[in-house]
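S.K.: Build me a model:
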Amino acid sequence: MTTGTGSRAARVLRMAGWAERQATFAAFMILVAVLFADVLSRELSGAGLLWARQLGVYANLVVTMLGLGVASASGAHFRPRFADDWLPAAWEPWLVRLQEALMAAFCVGFALVAAVAVAETRALHERSSLPSWPVWPFQAVIPLAFLSAGTRHALLACWPQLRPAVRRPAVAAVAPGES
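M.R.: Numbering: from 1, shown residues only. Modelled structure (predicted):
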């Protein structure tokens with residue numbers, strides 16, 4: 001059980017995970033609705049919606065970027081496991097902290113790079129073709145998602161007991177002689 005600051009960190013992680021799941025779901029529903037409306041328009045009128053493709057791309061960007069946090073928060077993210085047994089098991093507590101700290105540093109660094117790119121896009125007043133919306137608000141999802149992931153991993157480096165259990169991918173069993 002966590003106490004004090006650890007319980008506050010657990011609450012922050014729960015709230016952030018909830019918000020990421022809700023926003024990812026909403027963006028996915030927008031993506032589905034836009035694609036459905038575009039297909040329906042094509043079937044009924046012979047022409048699609050001009051803005052549907054671009055809005056679908058923006059919704060997909062949100063789903064993808066926030067989906068990184070959802071996967072990380074639930075222990076479902078991909079990571080190589082081939083070297084898991086190379087070091088002594090006694091080192092595991094420190095290796096977990098190191099892994100989380102390095103991931104936090106990577107995410108925060110990438111968030112900074114992405115924030116600079118978004119600032120440039122905003123300064124140049126870049127707009128999408130259809131509809132003619134500013135691009136930067138959609139791009140801003142990228143540094144925000146990486147900042148959220150960086151914060152999550154920094155908290156997990158400090159309180160590794162809050163780390164979700166890593167879910168291993170299901171492997172289909174194949175009987176000898178089957179293919």
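S.K.: Quick check: which helices or strands does the lowest-mean-pLDDT helix or strand in the chain pack against?
M.R.: Ranked by mean pLDDT, DSSP states H and E, the weakest helix or strand in the chain is helix 52-73, scoring a mean of 92. In terms of contacts (3 or more Cβ pairs under 8 Å, 6 or more residues apart in numbering; DSSP states H and E), helix 52-73 is packed against helix 5-45, helix 136-139, helix 141-158. For every residue, glycine as well, the C-beta is placed using N, CA and C.
S.K.: buried stuff in that helix?
M.R.: 52, 54-56, 58-63, 65-70, 72-73 (16 or more other Cβ atoms under 10 Å).
S.K.: any idea how far the nearest residue to L55 once chain neighbours are set aside is from W136?
M.R.: The spatial neighbour of L55 that comes closest, neighbours along the chain excluded (Cβ to Cβ, 6 or more residues apart in numbering), is V34 at 5.0 Å. Distance of V34 to W136, computed by Cβ to Cβ, to the nearest Å: 21 Å.
S.K.: circling back: pull the CA atoms of the least confident helix or strand of the chain into CSV?
M.R.: Coordinates of the C-alpha atoms in helix 52-73 are reproduced here as CSV (Å, rounded to 0.1, in the frame of the first residue of the first chain):
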residue,chain,number,x,y,z
ALA,A,52,-13.5,14.1,-44.0
ARG,A,53,-10.1,12.7,-44.8
GLN,A,54,-8.2,15.5,-43.1
LEU,A,55,-10.5,15.4,-40.0
GLY,A,56,-10.0,11.6,-39.9
VAL,A,57,-6.2,12.1,-40.0
TYR,A,58,-6.5,14.5,-37.0
ALA,A,59,-8.7,12.2,-35.1
ASN,A,60,-6.3,9.3,-35.8
LEU,A,61,-3.4,11.4,-34.6
VAL,A,62,-5.2,11.9,-31.3
VAL,A,63,-6.1,8.2,-31.0
THR,A,64,-2.5,7.2,-31.7
MET,A,65,-0.7,9.7,-29.4
LEU,A,66,-3.1,9.3,-26.5
GLY,A,67,-3.1,5.5,-27.1
LEU,A,68,0.6,5.4,-26.2
GLY,A,69,-0.3,6.6,-22.7
VAL,A,70,-3.2,4.2,-22.4
ALA,A,71,-1.0,1.3,-23.3
SER,A,72,1.7,2.4,-21.0
ALA,A,73,-0.7,2.9,-18.1
